[in-house]
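# What follows is a predicted protein model with its sequence.
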Amino acid sequence: MQQQGAYLLPVSLTGDRPATDYRPSVKKAEGRVPACLVNASATFAGNDQIYAFGGFDQYTDEVYNHVLRLDLNTLQWDLVDNYGDIPGVRMGHTATLYQGNKLIVFGGENEHREYLSDVVILDLQTFHWTLPEISGLIPRGRARHAAVIHDDKLFIVGGVTGENNVILDDLTYLDLQTWTWSRTWSFTARFDHTAWVWGNRLWIFGGLGPNMERTTDIWWLDLKGSPSLAGISTPQGTVNSPDARLPVAHYPASVSSPSAQMSPRSGSYAANSASVQVRNIGRRKPLAPGAISCLRFHSGPNVPSLFSGTHFQSFASGVLLDLITPSETVRSQDCNLAALELNSLRWQRLADGNEIFRPGYRWHYCTVNEAGTKAWLLGCSLDLTNANGAGDENLMSEVLSIDLEKYGLLGNNLSTEVPEQDSPWPERSGHSPASGLGADLSYVFDQHPESGSGADFVITAIRDDEDMMSSVDFDTPAGSPTHTQATFVESNPSTSEPIHVHKIILQLRWPHFKRLYAAQMAEYHTKCMHIPEPYSVVRAFLYYLYTDSIAGHPEYCSSVVDVAGMLVMANLYDMPKLRLLCVNRLGREIDVDNAAIVWERAGRTNEHWLMRRAAQFCLANWGRIVRTDGFKSLSHQSLIQLCEVVDTEGRIIAGPELELVGDGSCDHGKGSRLRLGSTTDDMSEVDGDDEGMEIS
C-alpha cells in the first residue's frame, strides 16, 4: 500500500514572543530570608501576605517552629514574634486559614519522629497562639495529610503515621463551633495530596498511594444530605471506584479520654501520650457516609504527566490547577500548567513550561490568593554566586508571580456556578444558565413592546443571512421606534431585524451606551441604534447585558464563533469582565471548525495566550483546519499570517521516514514535534475533548 504524507512541524510557537505578551516574572525577596524548608506550611492569608510555619532544614537537620511572613508588595521576609501556647517544632503539618485572620495548625511530625494530632490556633492580628479545649475522638497523629475548612468544619484526609509510615485512609473533621472531633471514617489512602470542597463535594487529588506510587485518579465524596457529616451517626456509604480492590491501610481507630488536649510543646504531645490514646485492635472503620466516586485518567494530550517533575496542585476558579515545575531531571520545556474542569472532568493545558519558567530556579511552595486570580511560587536560584559572591541556592529568596487571569481563569467570583445537587454529575456541558435577577430579565429580552415587555429601544446589526429579512414586520405604526427602525432596515438590505431592548438596562450595564445617551446623540432621538457587527454576535452581547452570562444558551450565544465576536466587542467597548469570560470559554471550546476564527479574533484583540493556544490547535490539526469554512473565511492577510506561524523548518514527509515518525516522535504530549494532519482520513486528529478517562 502506498504510504501517504503528513505535515510535521517543530514546536516553536513561543520562541518569538511579542513584546506585549505576558510572561511571569521572577523577583528576589529580601529581609530574613528562610532556608528552603522541607514540609513547612505556606499559607496565603490575604492582604498580600504569605505565612510560613515550621519545616525541616535538610542542610542543618533542624526542625523549626518559626513563624515567617512574606509581604508580596515589598518582597520582604520577616521573622514574626509570637506568643502564648507556642507549638513545638514540626514538619508535614497543615496550617489552614480560618475566618480570614486565624491559622489553624493540625498535626505534623516532631524532631523525635513522633506523629502529632494537636490543634493550635495563631491569631494573625495579635500573633498569639491558643490551645482550644478539644473533645471527641482525637484522631491518630499524622503528617503530610490534607486539610480543608468548609461550613465551619476542619476536614482532615489521609497522611502517614507510625514507625513504618503507614499510609492512612482516614477521613475526620473538627467542628470549629464546638471544637469536637467527629468519628473517623475510611475514604482512600493517600498522602502529600490536595483536598478542597466544591459543589458540596469533598475532593482529593495527587499525592502518593499505598504502593508509594503517584496517583492518576481523583476522588470525591458527597457531603450534602449526609447526617453523619453533620455529627449524626448513619449507615456507611458506598464506594464507586474503577479499582475497588485498591489496597487501603485500614489503621485501627483511636479512642481518647474526654479531657482537653495536652500542651503542644515538645515532649508532651497528646497524640503520642498513652494516657489519652488507646489502640483498638481489630476494629475496622466504616466507609465515609455519602457516595464515594473515583475517576482515573489514563492518558490524553492535556492530562499532566504525574510521573516527572515537581507538581503543585491548587483549587481556584472552579478548576483544579496542576503546575509541573522544573527539577533536576525535568527541563522547563517539559513542564506545563494544566487545569481540570470540575464541571466536565476534562483536562485543559493552559500553558507550556517555557511560557512560565526560566531556567536556573527551583520551586518549593505554591500559594494562591483567595480570589483565585494569582499564584506565587517560592523557591531559590541555582546560581552558584550572587552579588555578594555567596551562593543562595539554599535560601527561599525567589518569588515567581503568576497572573492566572492571563491564562483564561476567571477567578472564584466569576467561575462557573456549581451544578445543582440532583443534576447529573459530571456536567459535560460545563456551562451554567443565567440565574437570579439575570434569569428574570431574560424573559423580557428581545420581546416586542406589544407583548407588554416594556421595551423602548431597538438595535440592529449586520444581517447574518439572506433569509433574516423575512421576519421583519414593516406594518408598524408611523412614528414609533419600530417603524423608524423598519424604515432604516428597508433602506439598508444588509441590516438585520430589530432587537427590542430597554434603555435603562443598557445605560446601567453598557458604559458606551450611557455616554452616548447622555450626549443626546442621534440614537437618543430616534430610539434606535445600529451596530456594525453580525446579528447573532450583537444579540448574544445584548443578552449578556441582561443576564451577566455567556453560557451556552440554545438560542443566544450557542456558537463559539459568536463568543469570538463578543470578544471583539468587549475589546472595542472596554468591558474587561466580558473579555475575561469570552477568553475563558474560547480557551475551553476550541475545535476544528472554529480554531482559525478564534485565532484571528484573539490576534485582533491582543489576547496572546488565546492566540497561541488556537495556533497550537491549528497546527496540531492542520490538514483538517484548512478545509473548514472558518479557515476559508479569513482575510487574505490573516491566512498568510496563520501560515507563517508554521516554523521555517516545517516540511512534509512521507514513506519510510513517516514510519519512523509513527514510532513516537509525533506524540502530542511528548516533546519536540506535533502531528498536524495527513492526506488520508486514517491519520486521526488530536481531539481536545478526549482525555482517555475512565469513570464509574
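Here it is on my side, so go on.
# got a list of what residue 107 touches?
90, 92-94, 115-118, 141-143, 145, 156, 159, 271 (C-beta atoms under 8 Å, 6 or more residues apart in numbering). All C-beta spots, glycine's among them, are computed from the backbone N, C-alpha and C.
# Now a PyMOL select for only the buried ones of the residues you listed.
A single PyMOL command selects the buried members of these (16 or more other C-beta atoms under 10 Å):
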select buried, resi 90+92+93+94+115+116+117+118+141+142+143+145+156+159+271
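# quick one: least confident of the contacts of residue 107?
Across the contacts of residue 107, the smallest pLDDT goes to residue 271, namely 37.
# wouldn't residue 314 be in contact with residue 370 here?
No - counting by C-beta atoms under 8 Å, residue 314 does not reach residue 370; the two are 11.8 Å apart.
# Just want to know which of those two has more residues nearby.
residue 314 (18 against 15; other C-beta atoms under 10 Å).
# Surely that one forms part of a strand?
Yes - assessed by DSSP: H, G, I helix; E, B strand; the rest coil, residue 314 belongs to a strand.
# what is the residue positioned nearest the centre of the chain paired to in the beta sheet?
When C-alpha atoms, centre = their mean is applied to the chain, the residue found nearest the centroid is residue 319 (3.3 Å). For residue 319, the beta-bridge partners under DSSP bridges are residue 316, residue 341.
# Can you verify my assumption that it contacts residue 337?
No - between residue 319 and residue 337 there is no contact under C-beta under 8 Å: 11.0 Å.
# Now do the helix or strand containing residue 599: everything it contacts.
Per DSSP states H and E: residue 599 is located in helix 595-604. The contact list for helix 595-604 (C-beta under 8 Å, 6+ apart) reads 560-561, 564-565, 567-568, 571, 583, 586, 590, 608, 610-611, 614-615, 617-618, 621, 625, 628, 630-631, 633-634, 638, 641-642.
# Just the buried positions in that helix, please.
So, applying 16+ other C-beta under 10 Å, buried residues of helix 595-604: 595-603.
# Can you give the distance of that helix from its chain's centre?
Centre-to-centre, helix 595-604 and its host chain are 23 Å apart (C-alpha atoms, centre = their mean, to the nearest Å).
# Toward the C-terminus, what is the element adjacent to that helix?
helix 608-620.
# what about that next one, average pLDDT?
Rounded mean pLDDT across helix 608-620 is 92.
# for it, the distance to its chain's centre please.
19 Å.
# can you pull the buried residues of that helix?
Neighbour count says helix 608-620 has 608-620 buried, by 16+ other C-beta under 10 Å.
# what's the angle from whichever strand or helix holds residue 637 to helix 595-604?
Element membership for residue 637 (DSSP H and E) is helix 636-644. For helix 636-644 against helix 595-604, the angle by axes from the mean of the first three to the mean of the last three C-alpha atoms, to 10 degrees is 100 degrees.
# can you list contacts of helix 636-644?
Contacts of helix 636-644 (C-beta under 8 Å, 6+ apart): 596, 599-600, 603, 615, 618, 631, 634.
# one more time with 7 Å, if that's ok
596, 599-600, 618, 634 (C-beta atoms under 7 Å, 6 or more residues apart in numbering).
# Could you do stretch 352-362 as well?
Residues contacting stretch 352-362 (C-beta under 7 Å, 6+ apart): 14, 23-24, 26, 324-326, 332-337, 379-383, 398, 402.
# ok, now with 6 Å
14, 24, 326, 332-333, 335-336, 379-382, 398 (C-beta atoms under 6 Å, 6 or more residues apart in numbering).
# And the buried ones among those residues, selectable in ChimeraX?
Under the burial definition 16+ other C-beta under 10 Å, those of the contacts of stretch 352-362 that qualify are selected in ChimeraX by:
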select :14,24,326,332,333,335,336,379,380,381,398
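# And the contacts of stretch 352-362, which two are furthest apart?
14 and 380 (24.9 Å; C-beta to C-beta).
# can you pull the buried residues of stretch 316-335?
For stretch 316-335, the neighbour count (16+ other C-beta under 10 Å) marks 316-326, 330, 332-335 as buried.
# circling back: thinking the residue nearest to the centre of the chain is in contact with residue 341, fair?
Yes - assessed by C-beta atoms under 6 Å, residue 319 is found in contact with residue 341 at 5.4 Å.
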